[in-house]
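Colleague: from the sequence below, what's the structure:
(2 chains)
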Amino acid sequence: MDYKDLANVIFPDVKDISYYEEKYPRRNLEEGAIVTRFAPSPTGFVHIGGLYQSVIAKKMANQTGGIFFLRIEDTDQKREVENGVSGIIEALKEFGMSPDEGMIDEVNEKGNYGPYKQSLRKEIYQAYAKYLIEKGCAYPCFCKSEELDEMRQKQEAAKERTGYYGVWSKCRHIPVNEQIEKIKNGEKYILRFKSQGNPEKKIKHHDVIKGNVDFPENDQDIVIIKSDGLPTYHFAHAVDDHLMGTTHVIRGDEWLSSVPLHLQLFQTLGFKAPKYAHIAPIMKEDNGAKRKLSKRKDPEAAVSYYAEVGIPELAVDEYLLNIANSNFEQWRKQNPDADMEEFELQLNKMSVSGALFDMVKLLDISKRVISKYTATEVYDKATSWASKYDENLKELLEKDKEYTLQVLGIERGNQKPRKDIAKWADLKENIIYLYDEEFFANPVSYEFQKINDKAEIAKIIETYITKHFNVEDDKETWFNKMKDLAEEFGYARETKEFKQNPENYKGHVGDISTVIRICLTGRANTPDMYEIMKVLGKESVIKRLRYAIK
RNA sequence: GGCCCCGUGGUCAAGCGGUUAAGACAUCGCCCUUUCACGGCGGAGACAUGGGUUCGAUUCCCGUCGGGGUCACCA
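Modeller: Modelled structure (predicted):
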């Protein structure tokens, strides 16, 4: 009885690995092309950190003429969620991170290296597990979980390293014929890797992001095939990334300490190891302590949150890119209109430690992104957001599309577009007063500022309406009339004049225009009033002004 | 606790033996402006700490402190 017999008892029916080696030939890509992937569990939930990884992975693949693929890691049935795969695919799509290969919906996929869902690759893993058994590099372990727990407790009590290794790995030393006998007797078992590592020795590893990291060699006989016949993450990672031709494993840095194990796995399987790029997580400050953005505690951890509040996907992508390479913002400043794709991301410039998530900065980026949109783009994007999250806004926008486009076009498209909308959820408050029905239906109470004498205000307004106001005026004329009005009431035509000789005036043109602004809009702060009057039109302007002083 | 990683302004970060220690966001002031937003200019604000090494350390080494990760039949 030898390893070969053992292997045949355990996996009588699986194919030889040569079958898979031929079925999935090396990819024929140019030198330097990066093949990488996003490999989430199908929980239906995409964490901002997952998006972050995808942004980086996709960018690296695109930049080098490589491939970015999506692999679903569903080897833990306990975590299975209904429609978990499509949720991920949809999210990636929204953020422009659709993969080149992999799952395209709940059941279908594209690409020649599939299946891209691990539960469908069971016999592939088993073939390689069989290969390891034959080589004497893997063995069945009959320990029960209670035994394992007990062992761990002993180790802890003795202040020894925990785990299945060295003298603790009792099943490792069971003779082959006994192993076969136990299996034939129906004893339950799982498969473990027979580690050849020596923790006294160090391995040198160069991580693309973290740089040089030295670890003790791995000597843990980790589980490779679980009792349900599915592989553990570690084993699946080695087999899949080998077969799928992954050149760079870009993943969260919680995996960094598994590198010695993974390297060992690749080596004993006879695979060429990929390069590793371990990404620091996005953190959040919590009572003075730092922790990863948490799915349970932090709404902004979910990628869906950004859609809900109406932050454009592009803004989120750019923010993430900015965390990845801080020189992105310099590049953006020099190339304000360039596509994000043109920026060249460098993995080795990434920070080795986790950045605190900065919503304020994201919103700042978002303001810039939105300020660049045309009125039509704002209309389309805002309407699509509103149709999901704000029916009232949707109605408002759609009631008179032409009018809305004018409203959205105020101070837009020029050299210095307004940067006052950070997210679609802010839009309604920003424009609602420009709609007459809303304006008259919900009169806001406001306070006049410098000029607050009712009679004086009425006189100013009446004079403006009868003597000066004309929607046909060009901006300069309009502006001069405002100054004329100021002068008539004893206010300086120019702010500067007033500042130089305040004793000569009751105030300056700004005080007069503020009166009109407040009467017209109910607000002290608005975009350019000339443009607003143009959009409102003659009738509305007069109606509003009269209404205010009646 | 063992192992590993990290510690530059409030935040993100350049710099990596000799710098007036960049820049962005936030903040404050001024300018621009009929208001606001934008934009422009300027201010305040940092090398965790103690020892070395060195002519000279933010940069190199060690300790301390602080932060993070990891030690599953989860990924």
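
Colleague: now name the helix or strand holding the closest residue to A:Phe343 other than its chain neighbours.
Modeller: In this structure, A:Phe343 finds its nearest non-sequential neighbour in A:Trp331, 5.2 Å apart by CB to CB, 6 or more residues apart in numbering. The way it works is simple: take the backbone N, C-alpha and C, and place the C-beta from them, glycine included. Assigned by DSSP states H and E, A:Trp331 falls within helix A:328-334.

Colleague: output that helix as CSV, restricted to C-alpha atoms.
Modeller: Presented in CSV, the C-alpha positions along helix A:328-334 are these (Å, rounded to 0.1, in the frame of the first residue of the first chain):
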residue,chain,number,x,y,z
PHE,A,328,-3.5,61.3,-8.9
GLU,A,329,-4.8,64.7,-7.7
GLN,A,330,-1.8,66.5,-9.2
TRP,A,331,-2.4,64.7,-12.5
ARG,A,332,-6.1,65.6,-12.3
LYS,A,333,-5.3,69.2,-11.8
GLN,A,334,-3.1,69.2,-14.8
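
Colleague: is it up against RNA strand B anywhere?
Modeller: Yes - under the criterion of CB under 7 Å from any atom of the strand, RNA strand B is reached by helix A:328-334 at A:329-330, A:333.

Colleague: so where's the stretch 351-500 of chain A uncertain?
Modeller: A:443-449 (pLDDT under 70).

Colleague: residues of it that sit close to RNA strand B?
Modeller: Counting by CB under 7 Å from any atom of the strand, the stretch 351-500 of chain A sits next to RNA strand B at A:351-356, A:358, A:360-361, A:364, A:411, A:416-420, A:479, A:482, A:494-496.

Colleague: buried only: go through those residues for me.
Modeller: Burial by neighbour count, 16 or more other CB atoms under 10 Å: within those this picks out A:354-355, A:482.

Colleague: out of those residues, which are inside helices?
Modeller: A:Met482 (DSSP state H).

Colleague: do the longest helix seen in chain A and RNA strand B meet at all?
Modeller: In chain A, with assignment by DSSP H, the single longest helix is helix A:48-64. No - taking CB under 7 Å from any atom of the strand as the criterion, helix A:48-64 and RNA strand B are apart, separated by no less than 10.1 Å.

Colleague: how about the residues of the stretch 101-250 of chain A by RNA strand B?
Modeller: A:143-145, A:148, A:152, A:159, A:161-164, A:188, A:190, A:210-211, A:213-216, A:222-223, A:226-228, A:230, A:232-233.

Colleague: picking that back up, show me which of the buried ones among the residues of the stretch 351-500 of chain A next to RNA strand B is closest to A:Leu396.
Modeller: Using CB to CB, A:Met482 is the member of these that sits closest to A:Leu396, with 29.6 Å.

Colleague: quick check, the closest one in contact with A:Val515.
Modeller: No - contact criterion CB atoms under 8 Å: A:Met482 and A:Val515 do not qualify, at 10.8 Å.

Colleague: give me the contacts around the helix or strand of chain A with the lowest mean pLDDT.
Modeller: Lowest on mean pLDDT, DSSP states H and E among the helices and strands of chain A sits helix A:495-500, with a mean of 84. Here helix A:495-500 makes contact (CB atoms under 8 Å, 6 or more residues apart in numbering) with A:491-492, A:504-505, A:507-510.

Colleague: list buried residues within those.
Modeller: Here, 16+ other CB under 10 Å leaves A:491-492, A:505, A:507-510 buried among the contacts of helix A:495-500.

Colleague: show me how far the least confident helix or strand of chain A is from its chain's centre.
Modeller: 50 Å (CA atoms, centre = their mean, to the nearest Å).

Colleague: wait, what's in contact with A:Pro281?
Modeller: Counting by CB under 8 Å, 6+ apart, A:Pro281 makes contact with A:49, A:252-254, A:292-293, A:354.

Colleague: before we move on, what about A:Lys399?
Modeller: A:Tyr435.

Colleague: next one: A:Val176
Modeller: So A:Val176 contacts A:1-3, A:5-6 (CB under 8 Å, 6+ apart).

Colleague: quick check: the farthest pair among those residues?
Modeller: A:Met1 and A:Tyr3 (8.9 Å).

Colleague: count of neighbours near the nearest residue to A:Asp228 once chain neighbours are set aside?
Modeller: Nearest non-adjacent residue to A:Asp228, counting by CB to CB, 6+ apart: A:Gln77, 7.1 Å away. Counted with other CB atoms under 10 Å, residues neighbouring A:Gln77 total 9.

Colleague: pLDDT wise, what is A:Gln77 at?
Modeller: Reading off the confidence values, A:Gln77 has pLDDT 85.

Colleague: how far away is it from RNA strand B?
Modeller: Using CB to the nearest atom of the strand, to the nearest Å, A:Gln77 is found at 9 Å from RNA strand B.

Colleague: with A:Lys201 instead?
Modeller: When A:Lys201 is compared with RNA strand B (using CB to the nearest atom of the strand), they lie 12 Å apart.

Colleague: dump the residue contacts of that residue.
Modeller: Counted by CB under 8 Å, 6+ apart, A:Lys201 has contacts A:216-217.

Colleague: if we can go back for a sec, looking at the contacts of helix A:495-500, which are in strands?
Modeller: The strands, defined by DSSP state E, take in A:491-492, A:507-508 from the contacts of helix A:495-500.

Colleague: taking the residues you listed, tell me the two that lie furthest apart.
Modeller: For the ones in strands among the contacts of helix A:495-500, and using CB to CB, no pair is farther apart than A:Ala492 and A:Gly507, which are 7.3 Å apart.

Colleague: circling back to that earlier point, need the residues of helix A:328-334 next to RNA strand B in CSV (columns: neighbour count and pLDDT).
Modeller: Listed next are the residues of helix A:328-334 next to RNA strand B as CSV, based on neighbours: other CB atoms under 10 Å; pLDDT from 0 to 100:
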residue, neighbour count, pLDDT
A:Glu329, 15, 91
A:Gln330, 10, 91
A:Lys333, 8, 90
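
Colleague: any weak-confidence spans in the stretch 151-300 of chain A?
Modeller: In the stretch 151-300 of chain A (pLDDT under 70), no residue qualifies.

Colleague: if you set the cut-off to 90 instead, what comes out?
Modeller: Residues of the stretch 151-300 of chain A that meet the criterion pLDDT under 90 lie in A:156-160, A:204, A:285-290, A:294-297.

Colleague: sorry, back to before: A:Met1 and A:Tyr3: who's more crowded?
Modeller: A:Tyr3 (17 against 13).

Colleague: contact partners for that one?
Modeller: Counted by CB under 8 Å, 6+ apart, A:Tyr3 has contacts A:133-136, A:176.

Colleague: count of neighbours near the closest residue to A:His237 other than its chain neighbours?
Modeller: Nearest residue to A:His237, sequence neighbours excluded (CB to CB, 6+ apart): A:His262, at 6.4 Å. Burial of A:His262 is recorded as 22 neighbouring residues (other CB under 10 Å).

Colleague: quick check, A:His262 in a helix?
Modeller: Yes - assessed by DSSP: H, G, I helix; E, B strand; the rest coil, A:His262 belongs to a helix.

Colleague: confirm for me that it is in contact with A:His234.
Modeller: Yes - contact criterion CB under 8 Å: A:His262 and A:His234 qualify, at 6.4 Å.

Colleague: just the helices in the stretch 51-200 of chain A please.
Modeller: With helices called from DSSP state H, counting those that start in this stretch, the stretch 51-200 of chain A shows them at A:84-94, A:122-134, A:145-157, A:176-184.

Colleague: quick one: which of those is nearest A:Ile549?
Modeller: Using CB to CB, the helices of the stretch 51-200 of chain A put helix A:84-94 closest to A:Ile549, at 49.0 Å.

Colleague: just want the angle from that closest one to helix A:48-64.
Modeller: Calculated by axes from the mean of the first three to the mean of the last three CA atoms, to 10 degrees, helix A:84-94 forms an angle of 60 degrees with helix A:48-64.
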